[in-house]
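Asker: show me how the following folds:
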Amino acid sequence: MKKRNFTQLLCTVAMLLLGIQNTMAAVSNPPATLPSAPTHDASDVFSIFSGAYTNQAVISKFSGPATQTAAKIETVSGDDMIYFETGLNAWSYVHFEETINIDDYEKVHMDVYVVSGAFAFKVLFPSGDIDSPRLGSSVRFYPDLEEGWNSVDMNLADYRALAADKIPDFKKITQIGFINHGGQARTVYIDNIYAYGKKGGSGMKESSIDTSVSVYPNPVVDKVTIHSEAIVNSVCVINFAGQKIKMVQGNEVNMSDIASGVYLLKISLEDGNTVVKKIIKQ
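Answerer: Below you'll find the model as predicted:
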């Protein structure tokens, strides 16, 4: 009886250790350091995915090749990053909830951490209809990406110089695609995706200083109300990783079930405008 109990105990311990090992192996070789902090002025930036700015894009999902074992947002040293595991041997995509407008900007920046194996990096900006986008053509980034952190700045003029039917509609970007031009699978972490070098105007119809729209109370404990001269159609609560937390119709949002922190309220008005306001949830 004692021998059988001891054997059962050993099996239980082994199973617990295996579970711990599997949990630790959830991601592949995470970066030991964070990328350099962005230095561009927030007024000159349309942030897509970055903890350094207020994100104006909402990520809806990821997609990629069948060999890709994981595609998700992963927290590394307190910083959210986009994680593709054994992907990029075919197009790997970050999809947006709604189209984004970066037509007024000259460059798109991103920080890419390569776990192993240098490779030729290409980026694609599908655009148009959110459900059936036009792919357009990709542009290769030089120099090739090396192991570790790489600072990537894609010049949008290179895309605008493509054949007319291959130019992305930068007013209606639906997703961003990444690929290894050499065709081999790679595991990467991507952070700080944003457009910058504003030529005029903004990436969306919003203003943090718009006096015609106000939110109260701010900070909020449970319910926040949006006051606007125009009718409020809907309000989307977004975290600083660009993830949609909840969407409601009307001008009131119950935030009692949301964790404390700083959030973004994306307010859609009946007159067609979209206003974005920061709010603190206590």
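Asker: C-alpha from now on. contacts and neighbour counts both.
Answerer: Fine.
Asker: where do the helices of the stretch 1-150 of the chain begin and end?
Answerer: 2-24 (DSSP state H, counting those that start in this stretch).
Asker: can you pull out the strands in the stretch 101-250 of the chain?
Answerer: 105-114, 119-124, 127-128, 133-134, 139-145, 148-155, 173-180, 186-198, 213-216, 223-228, 232-238, 244-249 (DSSP state E, counting those that start in this stretch).
Asker: of those strands, which is nearest residue 47?
Answerer: Closest to residue 47 of these, according to C-alpha to C-alpha: strand 186-198, at 4.3 Å.
Asker: quick one: that closest one to strand 105-114, angle?
Answerer: 160 degrees (axes from the mean of the first three to the mean of the last three C-alpha atoms, to 10 degrees).
Asker: off-centre distance for strand 186-198?
Answerer: Mean C-alpha position of strand 186-198 versus that of the full chain (C-alpha atoms, centre = their mean, to the nearest Å) differs by 9 Å.
Asker: that one: partners in the sheet, and parallel or antiparallel?
Answerer: Using DSSP bridges, strand 186-198 pairs in its sheet with strand 45-49 (antiparallel), strand 79-87 (antiparallel), strand 105-114 (antiparallel).
Asker: can the strands of the stretch 101-250 of the chain go into JSON lines with extra columns for mean pLDDT?
Answerer: Below are the strands of the stretch 101-250 of the chain laid out as JSON lines (pLDDT from 0 to 100):
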{"stretch": "strand 105-114", "mean pLDDT": "96"}
{"stretch": "strand 119-124", "mean pLDDT": "97"}
{"stretch": "strand 127-128", "mean pLDDT": "96"}
{"stretch": "strand 133-134", "mean pLDDT": "94"}
{"stretch": "strand 139-145", "mean pLDDT": "93"}
{"stretch": "strand 148-155", "mean pLDDT": "95"}
{"stretch": "strand 173-180", "mean pLDDT": "97"}
{"stretch": "strand 186-198", "mean pLDDT": "94"}
{"stretch": "strand 213-216", "mean pLDDT": "89"}
{"stretch": "strand 223-228", "mean pLDDT": "93"}
{"stretch": "strand 232-238", "mean pLDDT": "89"}
{"stretch": "strand 244-249", "mean pLDDT": "88"}
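Asker: nearest to residue 265, out of those?
Answerer: If you check each of these against residue 265 by C-alpha to C-alpha, strand 232-238 wins as the nearest, at 4.9 Å.
Asker: residues of that closest one that come out buried?
Answerer: For strand 232-238, the neighbour count (16 or more other C-alpha atoms under 10 Å) marks 232, 234-238 as buried.
Asker: what number of residues lie near the closest residue to residue 223 other than its chain neighbours?
Answerer: Computed as C-alpha to C-alpha, 6 or more residues apart in numbering, the closest residue to residue 223 that is not its neighbour in sequence is residue 254, at 4.5 Å. Neighbour count for residue 254, taken as other C-alpha atoms under 10 Å: 14.
Asker: and what of residue 197?
Answerer: That count, for residue 197 with other C-alpha under 10 Å as the rule, works out to 16.
Asker: is it true that residue 194 touches residue 49?
Answerer: Yes: in this structure, residue 194 is within contact of residue 49 by C-alpha atoms under 8 Å, at 6.6 Å.
Asker: and the nearest residue to residue 122 once chain neighbours are set aside, how close does it get to residue 181?
Answerer: In space, and not counting its chain neighbours, residue 122 is closest to residue 140: 4.2 Å by C-alpha to C-alpha, 6+ apart. If you measure residue 140 against residue 181 using C-alpha to C-alpha, to the nearest Å, the figure is 8 Å.
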